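Asks: what would the 3D arrangement of this be:
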Amino acid sequence: MKMSEIKKKAKKLAINPGQMNRTELIHAVQKAEGNTPCFGKSNGHCPYTNCCFVEDCLPVAVRV
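Replies: Numbering: from 1, shown residues only. As a prediction, this is how the structure comes out:
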């Protein structure tokens, strides 16, 4: 997901992106949606298949 799409989603959730980096902003969105703020921490295994960031997260987690 592009940063502009993440910012748009954040604004809909009343989150001010300010100077947050991509991961911080995604964590804020995850938290606001009632999910665990775990983007990039899954080690390639994620039980949260309903998260809109899962496709971006798994490749990041594998590289980390």
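Asks: in which helix or strand does the residue nearest in space to the middle of the chain reside?
Replies: Nearest to the geometric centre of the chain sits residue 26, at 2.9 Å (Cα atoms, centre = their mean). Assessed by DSSP states H and E, residue 26 sits inside helix 22-32.
Asks: picking that back up, with adjacent residues omitted, what lies nearest to the residue nearest to the centre of the chain?
Replies: Of all residues beyond its chain neighbours, the one nearest residue 26 is residue 39 (4.3 Å), with distances taken as Cβ to Cβ, 6 or more residues apart in numbering. Bear in mind the C-beta positions are built from the backbone N, C-alpha and C, glycine included.
Asks: all helices of the protein, in order?
Replies: Secondary structure of the chain, counting by DSSP state H: helices at 3-12, 22-32, 54-63.
Asks: before we move on, the earlier item: and the residue nearest to residue 26, how many neighbours?
Replies: Residue 39 is flanked by 24 other residues according to other Cβ atoms under 10 Å.
Asks: likewise the one 5 residues further on?
Replies: Using other Cβ under 10 Å, residue 44 has 12 neighbouring residues.
Asks: next one: the one 5 residues further on
Replies: Residue crowding around residue 49 was assessed by other Cβ under 10 Å; the count is 6.
Asks: same question for the one 5 residues further on.
Replies: The number of residues packed near residue 54 is 14, by other Cβ under 10 Å.
Asks: and it, how far from residue 14?
Replies: 23 Å (Cβ to Cβ, to the nearest Å).
Asks: repeat for residue 1
Replies: Taken as Cβ to Cβ, the span from residue 1 to residue 14 is 19 Å.
Asks: comparing those two, which residue is more hemmed in?
Replies: Shown here are residue 1 and residue 14; by other Cβ under 10 Å, residue 1 has more neighbours (15 against 7).
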